[in-house]
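Enquirer: Predicted model, plus sequence, below.
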Amino acid sequence: MAKERRKQGRGRAAEAVSEAVDGGLAELVPDRERPRARTLLIDGAPQSHVDLDDPMYLDFAYLRRLGHIADLVAPQGRPIQAVHLGGGAFTLARYIAATRPRSTQQVFELDAPLVRFVRRELPLESGWRIRVRDGDARAGLAKVPEGWADLIIADVFSGARTPAHLTSTEFVGEVRRALRPGGWYAANLTDGPPLAHLRSQIATVRTVFPELCVTADPAVLRGRRFGNAVLLAADGEP
């Protein structure tokens with residue numbers, strides 16, 4: 001298991017920490033503007049950003065979109081039950097815990113070494129009701145009781161794409177089973193011109209959920225560049 005540290009920053013000591021995980025080389029790189037914030041990279045690609053002093057701060061645009069969904073899924077401040085398929089640095093789980101105290105959350109992350117690395121370097125607060133489980137997202141979702149979740153967030157990637165077993169009609173049906181009536185499903189997807197993957201996922205989700213919408217940077221939606229899009233689905237009008 002490799003680990004390296006280096007100094008970074010303007011006139012102050014800041015350490016970047018890296019460790020080999022199942023998905024490649026994971027790095028936590030300091031944010032020069034926020035003393036206790038770190039960006040998680042896997043093989044050099046940014047994955048998530050966490051500020052231990054301010055878990056409500058969301059640096060990445062796609063995370064802000066998902067955070068806005070979490071803000072609207074229930075009345076402000078009300079605890080919710082959320083499932084996160086894909087863990088990363090647990091950014092959204094931290095956000096929900098901070099904005100909706102007493103929320104109960106389950107996180108499923110396949111990369112067990114990554115979970116250990118993040119929990120050691122960016123520990124979760126002890127009072128948060130966040131249960132992190134190692135294992136496949138779909139297998140974990142199958143164990144969630146029927147109608148349990150107010151919100152299910154899928155943010156799982158193998159390289160630049162969502163694994164195929166998390167894109168099928170059967171998977172989306174399993175998502176709906178685990179959601180309470182009126183619950184929401186949000187998926188972070190990546191695509192570029194001609195948006196074939198995004199269009200395919202919209203068509204698949206539409207076979208299970210009657211209401212859905214997509215939000216992304218306009219250049220992504222117009223098929224001008226590769227980027228993130230957030231797909232939101234519900235059994236009633238979101």
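Expert: Looks like it arrived, so ask away.

Enquirer: how much space between the residue most central in space within the chain and residue 191?
Expert: Centroid-nearest residue in the chain, with Cα atoms, centre = their mean: residue 155, separated by 4.3 Å. According to Cβ to Cβ, to the nearest Å, residue 155 stands 15 Å off from residue 191. Every C-beta, even on glycine, is put in place using the N, C-alpha and C of the backbone.

Enquirer: which helices and strands does the top strand by length along the chain pack with?
Expert: Assignment by DSSP state E gives strand 179-191 as the longest strand of the chain. Counting contacts by 3 or more Cβ pairs under 8 Å, 6 or more residues apart in numbering; DSSP states H and E, strand 179-191 is packed against helix 61-72, strand 149-154, helix 169-178, helix 196-206, strand 227-234.

Enquirer: Now residue 38: which helix or strand?
Expert: strand 34-42 (DSSP states H and E).

Enquirer: Partner strands of the helix or strand following that strand, with direction?
Expert: Heading C-terminal from strand 34-42, the first helix or strand you meet, by DSSP H and E, is strand 45-51. Strands that pair with strand 45-51, judged by DSSP bridges, come out as strand 34-42 (antiparallel).

Enquirer: Just the buried positions in the partner strand, please.
Expert: Under the neighbour-count criterion of 16 or more other Cβ atoms under 10 Å, strand 34-42 has 34, 37-42 buried.

Enquirer: Count the neighbours of residue 76 for me.
Expert: For residue 76, the neighbour count with other Cβ atoms under 10 Å is 8.

Enquirer: Can you classify it as helix, strand or coil?
Expert: Under DSSP: H, G, I helix; E, B strand; the rest coil, residue 76 falls in the coil class.

Enquirer: returning to that earlier point: partner strands of the longest strand of the chain, parallel or antiparallel?
Expert: strand 149-154 (parallel), strand 227-234 (antiparallel).

Enquirer: Kindly calculate the angle that that strand makes with helix 169-178.
Expert: Between strand 179-191 and helix 169-178, the angle comes out at 140 degrees (axes from the mean of the first three to the mean of the last three Cα atoms, to 10 degrees).

Enquirer: pLDDT of strand 179-191, averaged?
Expert: Looking at strand 179-191 alone, the average pLDDT works out to 96.

Enquirer: How about stretch 108-119?
Expert: For stretch 108-119, the per-residue pLDDT averages 96.

Enquirer: May I have it exported as CSV, CA atoms only?
Expert: C-alpha atoms of stretch 108-119 as CSV (Å, rounded to 0.1, in the frame of the first residue of the first chain):
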residue,chain,number,x,y,z
PHE,A,108,-22.8,1.7,-0.3
GLU,A,109,-19.2,1.8,-1.8
LEU,A,110,-17.6,-1.1,-3.6
ASP,A,111,-14.0,0.1,-3.0
ALA,A,112,-13.3,-0.9,0.6
PRO,A,113,-9.8,0.5,0.7
LEU,A,114,-11.1,3.8,-0.4
VAL,A,115,-13.7,3.8,2.4
ARG,A,116,-11.0,3.1,4.9
PHE,A,117,-8.7,5.9,3.5
VAL,A,118,-11.5,8.5,3.5
ARG,A,119,-12.8,7.6,6.9
